Structures are given as C-alpha cells and as structure tokens.
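Enquirer: Pasting a predicted model and its sequence here:
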Amino acid sequence: MNVIVLMKQTFDTEERIRLVDGQIAEDGVKWIINPYDEYAVEEAVRLKEQQGASVTVVSVGNEDVAQALRTALAMGADEAVLIDGTDLHDERAIAKALSAYLAKTPFDVLMAGNFSIDNGAGQVAIRVAHQLGLPHVAAITKLAIDGGKATCVREVDGDVQTVEVQLPALFTAQQGLNEPRYPSLPGIMKAKKKPLTNVTLRDLGLSADDVAPRVARIDLSLPPKRQAGQRLSGDVEAQAEQLADIILQATGQAGAR
C-alpha cells in the first residue's frame, strides 16, 4: 500500500506575526510542519507500522521547506518530494502542481491536514481530489483500512458521521485523529539518509500559464488593537443603566431611552 501525505510548512504557532511594508516578515522565524498535516503524517506512519505501507511526504515551496520534510522523514516517512513552488501564489496553482505530480505517481491513500493554520483556506487538498476524480472525506478523527476499502469517522456540525469509501481516496486529518510522535534521535539520523527529491514545474509538464494566479492579495493588515476595558461603578441598578447607555451609543441609538 502506498500512502502519500500532502504537507505544508507554516510558522510556529508561538511566533508573533509582524508586517513590514504590507508583507509578513519571515526573518528569524521558526518553521514547523502545519499542525493538521502533522496528524496526517502520523496516521500515515501508523499505517506503515500496522500494514507495511510505504509513506511519501510531498510539499510545495522553496528550499527552506526541506527542513519540515526532513522532520516528517524523522517521524517515519520513507521518502520526501519537494515541488518548487517559488512562482506559485494561490491555492489553485499549488493544487495544480500537486495534481500533476500525483497523476504520475501510484498511491492508495492520500492524506492531508484539514486546513493550514496560516491561510486557513482548506482548499488545496479538496481541489486535488476534485482534479484527480478521487472520493474524499474531510476532517476525519478515525481511519481504518481493510483491503481496498476505508472506513472513517468525521466531525460534522457537532456530531460524528461514519463514512465508507473505496480506495484510492483522499482524507484530511482533524485534531483527535491521533497524537503525533516526536522524532527520535535515531529517526533524525536516519532521515538524513532518506531520499528527498526535488521536482520543478517543467518536470511536471506545467507552463507559467498553467499555474498563473487567479487570486491577488490586495491588502494585508493586523487587526486593530483592542481598546481598554471600562469598569462600571455603583450598585447593580446603576451599572445596568450605564451598560444600557454604552450599548445604545455603540449602536447609534443614544438618547433612545
């Protein structure tokens, strides 16, 4: 069984976001595997341990993404692929590149995170499934593979749903699917010797027009600073009067009482 994990490198969740000239400053930033993708990597490695699967992690980005791929290799993945995404600027283009690679690569299970913590769009994996004509199940919290069939549990509007699909299929991982392992020292040492293949858009037969962006970022800004809180004084009745006045002023209905 061949398992491929679509993985993204994102800012560490502890990093403070800084804007310089309308762009997110990346100098000195610590990078990690997108946390939801980490659940996908862990599930793939468990399939390897339980069923002898072969696990490949695939990412789109610049050469810096290699460090996240090496982390996935240290967790137990067998090989990694880095698609040059220097000139890819929206989810459509990234999905196009991934689909072009996957169309030439045999697999049974395709894993990804439910969404990335930076953009939060949740588009890439679903676009890939659509372009390849694959069945897909989003936000899974349990996965069982039996031959050519997969049974999984997913979250849906505060409830859970059990879904059965035929393989090959795509699954996006939600928190609760597993507890990702920390790379061990032997795993880190082995990861240095595992294959990491670099792939260009030309290798995939894609032109600049094929991956031209359809979306442009117009502006990027931090949310406004929160104003200081206001303490109400007096007894309960007086505080209620003050609160009512504040609400009316905020809604433009001052003097309505």
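Expert: Done, it's in. What you are looking at is a predicted structure, and each value in this text was computed from that prediction instead of being measured. Numbers count the residues shown, from 1 in each chain.
Enquirer: did I read that right, residue 161 in a strand?
Expert: Yes. Applying DSSP: H, G, I helix; E, B strand; the rest coil, one finds residue 161 inside a strand.
Enquirer: Nearest residue to it in space, ignoring adjacent ones along the chain?
Expert: Leaving out its chain neighbours, the residue that sits closest to residue 161 by C-beta to C-beta, 6 or more residues apart in numbering is residue 154, at 5.4 Å. In this view, the C-beta of every residue, glycine as well, is placed from N, C-alpha and C.
Enquirer: for residue 89, same thing?
Expert: Distances taken as C-beta to C-beta, 6+ apart put residue 213 closest to residue 89, at 4.3 Å, once the chain neighbours are dropped.
Enquirer: ok, the one you found touching residue 93?
Expert: Yes. Counting by C-beta atoms under 8 Å, residue 93 is a contact partner of residue 213 at 6.0 Å.
Enquirer: out of these two, which sits in the busier spot?
Expert: residue 93 (22 against 13; other C-beta atoms under 10 Å).
Enquirer: How many residues are close by residue 77?
Expert: Neighbours around residue 77, by other C-beta under 10 Å: 26.
Enquirer: hmm, I was thinking of residue 44
Expert: Using other C-beta under 10 Å, residue 44 has 29 neighbouring residues.
Enquirer: can I get the CA coordinates of the helix or strand that it is a member of in CSV?
Expert: Here residue 44, judged by DSSP states H and E, is contained in helix 35-51. This file holds the C-alpha atoms of helix 35-51, laid out as CSV (Å, rounded to 0.1, in the frame of the first residue of the first chain):
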residue,chain,number,x,y,z
PRO,A,35,-0.1,21.0,12.9
TYR,A,36,-3.1,19.5,11.0
ASP,A,37,-0.6,18.0,8.4
GLU,A,38,1.3,16.5,11.4
TYR,A,39,-1.8,14.4,12.2
ALA,A,40,-1.8,13.2,8.6
VAL,A,41,1.9,12.3,8.7
GLU,A,42,1.4,10.4,12.0
GLU,A,43,-1.6,8.5,10.6
ALA,A,44,0.5,7.5,7.5
VAL,A,45,3.3,6.3,9.7
ARG,A,46,0.9,4.2,11.7
LEU,A,47,-0.4,2.6,8.5
LYS,A,48,3.2,1.8,7.7
GLU,A,49,3.7,0.2,11.1
GLN,A,50,0.4,-1.7,11.0
GLN,A,51,0.1,-2.7,7.4
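Enquirer: can you give me the mean pLDDT across that helix?
Expert: Helix 35-51 shows a mean pLDDT of 96 in the predicted model.
Enquirer: What are the contacting residues of it?
Expert: When contacts are defined by C-beta atoms under 8 Å, 6 or more residues apart in numbering, helix 35-51 is touched by residues 1, 3, 5-8, 10, 13, 33, 53-55, 57, 72, 75-78, 109, 111-117, 143, 145, 171-175, 177-181.
Enquirer: Take these and, keeping just the buried ones, write it as a ChimeraX select command.
Expert: Filtering those down to the buried ones (16 or more other C-beta atoms under 10 Å) takes a single ChimeraX command:
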select :1,3,5,6,7,8,10,33,53,54,55,57,72,75,76,77,78,109,111,112,113,114,115,116,117,143,145,171,172,173,174,177,178,180
